[in-house]
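Undergrad: just the structure for this:
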Amino acid sequence: MTHMVDLVADLGEGFGAYSMGDDASLLELLTSANVACGFHAGDPRIMDATVRQCVEKQVAVGAHPSFPDLVGFGRRAMDLTPEEVRTDVLYQIGALQAFATAHGTRVRHVAPHGRLGNLVAVRADYARAVVDAVASLDASLIVLAQDGELADAARARGLRVGIVGIADRAYRDDGTLVPRSEPGAVIHDPDEIARRTLRMVTEGVIRSADGTDVPVTCDTVLLHGDTPGAIALAGRIREQLLAADVKITSLDAVLSCKGV
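TA: Alright, predicted model coming up:
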């Protein structure tokens with residue numbers, strides 16, 4: 001059986017004169033990109049440049065909407081109403097869509113960032129708000145999510161869903177991520193991260209923080225470029241997948257092959 005997977009990373013997460021991550025190096029490894037839309041990071045100049053670079057490298061552009069939390073990088077919980085979540089997400093996708101159109105492409109997927117991304121997996125009201133925003137704008141957009149409320153709500157509305165595997169984050173037995181506020185939430189050992197990635201893609205399991213093999217779907221692997229050694233690790237993951245005869249291709253192709 002030939003396994004297929006998309007490779008995605010969060011890009012454009014600077015602001016003004018400040019930059020984060022090595023986007024240029026990551027773009028050589030990716031098939032998709034989650035582009036910050038200005039609420040947790042990014043600004044019009046960065047969004048414009050990031051979309052242009054994605055087009056040049058033939059990397060699919062996706063929106064990475066967040067809570068309005070520049071100071072906290074979108075990682076703090078905020079007491080927003082579902083209607084605020086819906087309109088904030090719609091606003092951010094629309095902003096990125098303008099840059100995509102200007103560069104002759106379109107937004108292909110939506111991947112909620114940070115704390116919003118964690119909460120939509122467990123809060124049905126936030127999940128519905130994100131789905132309402134996506135469905136009202138463009139029903140062809142793929143919703144990128146972990147298994148949970150957002151994935152369920154998107155499927156119920158007839159939207160395509162891509163499940164993201166995050167090999168450097170610890171999982172709980174229920175398949176949700178261990179919060180960053182807890183010890184061991186982020187895995188730093190390159191060997192362990194590489195092993196976890198390969199198992200997610202080829203075996204459909206990941207070892208939880210409690211030592212249990214948890215079933216996971218992995219349509220796309222999230223790579224990072226904002227920590228020391230991250231680019232080398234991302235390259236190693238890509239090479240290891242290719243060595244295991246995994247086909248690295250677009251998210252659209254992965255889902256189409258599954259009949260999604």
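Undergrad: could you use CA atoms for every contact and neighbour count after this?
TA: Will do.
Undergrad: pLDDT at residue 113, what is it?
TA: On pLDDT, residue 113 comes in at 97.
Undergrad: so the closest residue in space to it that isn't next to it in sequence, which state does it fall into?
TA: Nearest residue to residue 113, sequence neighbours excluded (C-alpha to C-alpha, 6 or more residues apart in numbering): residue 66, at 5.1 Å. Assigned with DSSP: H, G, I helix; E, B strand; the rest coil, residue 66 falls in the coil class.
Undergrad: ok, residue 184 next?
TA: What three-state DSSP gives for residue 184 is coil.
Undergrad: residues near the spatially closest residue to it that is not a sequence neighbour, how many?
TA: Nearest residue to residue 184, sequence neighbours excluded (C-alpha to C-alpha, 6+ apart): residue 170, at 6.9 Å. Neighbours of residue 170 under the rule other C-alpha atoms under 10 Å: 24.
Undergrad: same thing with residue 239?
TA: Neighbour count of residue 239, defined by other C-alpha under 10 Å: 14.
Undergrad: what does the pLDDT read for it?
TA: Per-residue pLDDT puts residue 239 at 93.
Undergrad: now do the contacts for the closest residue to residue 246 other than its chain neighbours.
TA: The shortest distance from residue 246 to any non-neighbouring residue, by C-alpha to C-alpha, 6+ apart, is to residue 3 (4.9 Å). Residue 3 is in contact with 201-202, 245-247, counting by C-alpha atoms under 8 Å, 6 or more residues apart in numbering.
Undergrad: and for residue 86?
TA: Contacts for residue 86 (C-alpha under 8 Å, 6+ apart) come out as 126, 129-130, 132-133.
Undergrad: check contacts around residue 95.
TA: Residue 95 neighbours (C-alpha under 8 Å, 6+ apart): residue 37.
Undergrad: that one is in what secondary structure piece?
TA: helix 82-102 (DSSP states H and E).
Undergrad: so what are the sheet partners of the helix or strand just after that helix and their directions?
TA: Next along the chain after helix 82-102, taking DSSP H and E as the criterion, comes strand 107-110. Its sheet considered, strand 107-110 pairs with strand 60-64 (parallel), strand 142-145 (parallel) by DSSP bridges.
Undergrad: chain center to the longest one, what's the gap?
TA: Looking back up the chat, that one is strand 60-64. Relative to its chain's centre, strand 60-64 lies at 9 Å (C-alpha atoms, centre = their mean, to the nearest Å).
Undergrad: how far away is residue 112 from residue 156?
TA: 18 Å (C-alpha to C-alpha, to the nearest Å).
Undergrad: more neighbours, those two?
TA: More neighbours surround residue 112 than the other of residue 112 and residue 156, with 23 against 11 (other C-alpha under 10 Å).
Undergrad: what about the closest residue to residue 41 other than its chain neighbours, neighbour count?
TA: Leaving out its chain neighbours, the residue that sits closest to residue 41 by C-alpha to C-alpha, 6+ apart is residue 13, at 4.8 Å. Per other C-alpha under 10 Å, the neighbour tally for residue 13 reads 25.
Undergrad: gap between residue 13 and residue 188?
TA: 21 Å.
Undergrad: got the CA coordinates for stretch 241-257 in PDB?
TA: The C-alpha trace of stretch 241-257 is given here as PDB (Å, rounded to 0.1, in the frame of the first residue of the first chain):
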ATOM      1  CA  LEU A 241       9.100   9.700   4.700                       C
ATOM      2  CA  LEU A 242      10.400   9.400   1.100                       C
ATOM      3  CA  ALA A 243      12.800   6.600   2.100                       C
ATOM      4  CA  ALA A 244       9.700   4.700   3.400                       C
ATOM      5  CA  ASP A 245       8.100   5.100   0.000                       C
ATOM      6  CA  VAL A 246       5.600   7.700   1.300                       C
ATOM      7  CA  LYS A 247       4.300  10.000  -1.500                       C
ATOM      8  CA  ILE A 248       4.500  13.600  -0.500                       C
ATOM      9  CA  THR A 249       1.800  15.500  -2.400                       C
ATOM     10  CA  SER A 250      -0.900  18.200  -2.000                       C
ATOM     11  CA  LEU A 251      -3.600  18.000   0.600                       C
ATOM     12  CA  ASP A 252      -6.200  18.000  -2.200                       C
ATOM     13  CA  ALA A 253      -4.500  14.900  -3.700                       C
ATOM     14  CA  VAL A 254      -4.300  13.100  -0.400                       C
ATOM     15  CA  LEU A 255      -8.000  13.700   0.300                       C
ATOM     16  CA  SER A 256      -9.100  12.900  -3.300                       C
ATOM     17  CA  CYS A 257      -7.200   9.500  -3.000                       C
END
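Undergrad: no more questions from me, cheers.
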